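Novice: need coordinates for the following:
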Amino acid sequence: MVGGSACSAAGLQASELAWPEIAFGDKDQYQLQKISIGGLTLVRSVEILFSMEYTNLLILHFGTSIGWPSLVVRLQDRFGIKFSSEFGFHQPISDGKSSGAIFKARKWVKLKIKNLAKYFFLLIGLYKPKVSIHEIRDQISAVISLASAKSDQILWIQHRALQDSHTFAERLFYKRYYSRIISYVKSANDPKIEILELPDDFVVRANYLNDWVHLSAKGHQDLAKRVQQKLDKSTL
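Specialist: Model (predicted):
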């Protein structure tokens, strides 16, 4: 199992499990080995796959880092927002269940400041995906070629973010990248690869944390069930 933070327990309670542990943790026929790196890119996954031993089943779970815009310059922290962080423009992952009215008001203000800054930097060309969309095909080809050489069967999961509170620019960028990624993986026509696309009925609020990217406990349970069903119906 190689994936980004979407396959980790990021944001969950200590007793809650991520979907790989739910799907495979209690199955004797599987020995789960998981590598989860926040912000995993296609290029970084090539490095991981290259050093990996051969396996019967390889699951790749790529998150929103591919195609999601980010600030290409460094800023100093302002207004209680960590702009200096690589993920400073992202929404907070905490659910805020115990938050009061003041906390929620501050959170709303910070969100508006972030979104305004995103549009400003977008207009001057400093808020954009790190990887050009024209480079995606070659990177996917490299991942598929190496993954196919390292495993008998491959399950490719392309994560989807809930779009509710993201800016129009972010939604537009990621929608374009997402469709290209799925198209390129399918066009590879590699008999070892199965694709698990997350349908619209999965992309609902109950399945996501407050950042609308990472999965809630319910979302992990739902995805684990879909993975199990996919494996049962396929030759994997």
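
Novice: can you give me the helices in the chain?
Specialist: Here the chain has its helices, by DSSP state H, at 19-24, 42-50, 101-123, 136-150, 168-187, 217-233.

Novice: just send those back as CSV, with mean pLDDT too.
Specialist: As requested, the helices of the chain are exported to CSV (pLDDT from 0 to 100):
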stretch, mean pLDDT
helix 19-24, 94
helix 42-50, 92
helix 101-123, 70
helix 136-150, 94
helix 168-187, 82
helix 217-233, 93
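
Novice: in a markdown table, list those helices along with distance to Leu57 and mean neighbour count.
Specialist: Quick note: C-beta positions are derived from backbone N, CA and C, even for glycine. Listed next are these as a markdown table, based on distance: least, Cβ to Cβ, whole Å; neighbours: other Cβ atoms under 10 Å:
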| stretch | distance to Leu57 | mean neighbour count |
| --- | --- | --- |
| helix 19-24 | 9 | 22 |
| helix 42-50 | 14 | 16 |
| helix 101-123 | 39 | 14 |
| helix 136-150 | 11 | 17 |
| helix 168-187 | 17 | 16 |
| helix 217-233 | 8 | 17 |
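
Novice: of the ones you listed, which is nearest Leu198?
Specialist: helix 217-233 (7.6 Å; Cβ to Cβ).

Novice: and the closest one, what does it pack against?
Specialist: helix 19-24, strand 151-158, strand 193-197 (3 or more Cβ pairs under 8 Å, 6 or more residues apart in numbering; DSSP states H and E).

Novice: save the ones you listed as CSV, and put in distance to Leu32 too.
Specialist: Formatted as CSV, these follow (distance: least, Cβ to Cβ, whole Å):
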stretch, distance to Leu32
helix 19-24, 4
strand 151-158, 13
strand 193-197, 17
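
Novice: between these, which one is nearest to Tyr127?
Specialist: Closest to Tyr127 of the helices and strands packed on helix 217-233 is strand 151-158 (Cβ to Cβ; 22.7 Å).

Novice: average model confidence for that closest one?
Specialist: Mean pLDDT, computed over strand 151-158, is 94.

Novice: that strand packs against which elements?
Specialist: strand 55-62, helix 136-150, helix 168-187, strand 193-197, helix 217-233.

Novice: burial of Ala206, as a residue count?
Specialist: For Ala206, the neighbour count with other Cβ atoms under 10 Å is 9.

Novice: state the distance from the most centrally placed residue in the chain to Tyr54.
Specialist: Nearest to the mean C-alpha position of the chain, by Cα atoms, centre = their mean, lies Gly63 at 1.5 Å. Per Cβ to Cβ, to the nearest Å, Gly63 is found 25 Å from Tyr54.

Novice: ok, Lys225 next?
Specialist: 28 Å.

Novice: before we move on, the earlier item: and of the helices and strands packed on helix 217-233, who's closest to Ala101?
Specialist: helix 19-24 (33.9 Å).

Novice: thinking again about what came up before, who wins for proximity to Lys118 among the helices and strands packed on helix 217-233?
Specialist: Short answer: strand 151-158, nearest of the helices and strands packed on helix 217-233 by Cβ to Cβ, at 23.3 Å.

Novice: what pairs with the closest one, and is each one parallel or antiparallel?
Specialist: strand 55-62 (parallel), strand 193-197 (parallel) (DSSP bridges).

Novice: make JSON lines from the ones you listed and add mean pLDDT to it.
Specialist: Below are the strands paired with strand 151-158 laid out as JSON lines (pLDDT from 0 to 100):
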{"stretch": "strand 55-62", "mean pLDDT": "94"}
{"stretch": "strand 193-197", "mean pLDDT": "92"}
